[in-house]
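Participant: Show me the folded form of this:
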Amino acid sequence: MAEKMIHSDGIELFSESFGDPTNPPLLLIMGAMSSMVYWDEEFCRKLANEGRFVIRYDNRDVGRSTCYEPGKLNYTVSDMADDILRIMDAYGLGKAHLIGMSLGGMLAQIAAIKYPERIQSITLISSGIIETDESREFPPMDERLLAYHARSAELDWSDKAAVADYLVTGSRLLSGSKHSFDAERAAVQVHQEIERANNLLSMFNHALLESDESFQGTSKQVTVPVLIIHGTEDTILPYGHALALMEEIPHAKLVRLEGTGHELPAGDWDEIIKAITSHTAI
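Facilitator: Model (predicted):
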């Protein structure tokens, strides 16, 4: 594992790489309000052992990357997609495969639309289409999550133990019924998240992100190979979002994870890694 702090256009983006840099590169893009630690280190190593050069990084406002004052958003989703290219350029990658989780999958789609010559393929995990007509209905987020996270305003964010408990319980609410929730692994990731953050509260800036009208309804414009991986018990972006992606991107392939939530449980790693390895063998 090798760390790299990338400085580009006044932005700092922290990254780590795994494996042989001569292997096909995979860039892992995490979702909203989550740093790269939720791409579990063991998962990254297993993926690298399949003959891939794996890079994970902190998006803006999480982890060790540039953070802005909480409540002030200084960038757009398009800017975050451009950060993908900043990472690639820093590693000297002319092309790369993108693996995006949740919001990360939407950023991967934008990058593939803006820079198709640089993106070899995209994998969309627990994600959805970039934007659609407001009249189109999707299954909503689980109300338990909305009720739970309404408590965040009352939390003492200076109390690390309380914050850790809050985040671990939040992770539990994302899990499906197929696998037992790994509280120990979740606690390790949460403590890493807390200790690594330049400003933990800056992660809430991601909640202020708005859809870029210039990309409204553009998922259908993705021309690179697409793999969709989605759990049938996703509590944030229910499985209907995966079906919508299949409608918008008819050449995409779908891996259905029965009983899995909005998560990357260790029990699914072998199936996920096998699918990604096959998809990126191009």
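
Participant: ok, for Gly31, nearest residue in space, not its chain neighbours?
Facilitator: Ser102 (3.0 Å; C-beta to C-beta, 6 or more residues apart in numbering). Where C-beta positions appear, they are placed from N, C-alpha and C, glycine not excepted.

Participant: Counting neighbours, what do you get for the one you found?
Facilitator: By other C-beta atoms under 10 Å, the residues close to Ser102 number 25.

Participant: same deal with Ala252?
Facilitator: Neighbours of Ala252 (other C-beta under 10 Å): 19.

Participant: Kindly state the pLDDT recorded for it?
Facilitator: Here, the pLDDT recorded for Ala252 equals 97.

Participant: got it, and the one 5 residues further on?
Facilitator: pLDDT recorded at Leu257 is 98.

Participant: thinking it is in contact with Ile228, fair?
Facilitator: No. If you go by C-beta atoms under 8 Å, Leu257 and Ile228 don't touch, sitting 10.6 Å apart.

Participant: And the two? Which one has more around it.
Facilitator: Per other C-beta under 10 Å, whichever of Leu257 and Ile228 has more neighbours is Leu257, with 27 against 24.

Participant: Strands along this protein, start to end?
Facilitator: 2-8, 11-18, 25-29, 53-57, 96-101, 119-125, 226-231, 253-257 (DSSP state E).

Participant: Using a markdown table, lay out these together with distance to Lys274.
Facilitator: Shown next, in a markdown table, are the strands of the chain (distance: least, C-beta to C-beta, whole Å):
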| stretch | distance to Lys274 |
| --- | --- |
| strand 2-8 | 26 |
| strand 11-18 | 18 |
| strand 25-29 | 14 |
| strand 53-57 | 15 |
| strand 96-101 | 14 |
| strand 119-125 | 12 |
| strand 226-231 | 11 |
| strand 253-257 | 9 |
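
Participant: Between these, which one is closest to Ser158.
Facilitator: strand 11-18 (23.7 Å; C-beta to C-beta).

Participant: Show me which residues of the closest one are buried.
Facilitator: 11, 13-18 (16 or more other C-beta atoms under 10 Å).

Participant: about what we covered before: do you know how far the residue nearest to Gly31 is from Gly94?
Facilitator: Applying C-beta to C-beta, to the nearest Å, the value for Ser102 to Gly94 is 27 Å.

Participant: same check, this time on Met36
Facilitator: Using C-beta to C-beta, we find Met36 at a distance of 23 Å from Gly94.

Participant: more crowded one of these two?
Facilitator: Remark: of Met36 and Gly94, Met36 carries more neighbours, 25 against 10, as counted by other C-beta under 10 Å.

Participant: sorry, back to before: minimum distance to Ser175: which of the strands of the chain has it?
Facilitator: Smallest distance to Ser175 across these (C-beta to C-beta): 9.3 Å, for strand 226-231.

Participant: That concludes my questions; thank you for your assistance.
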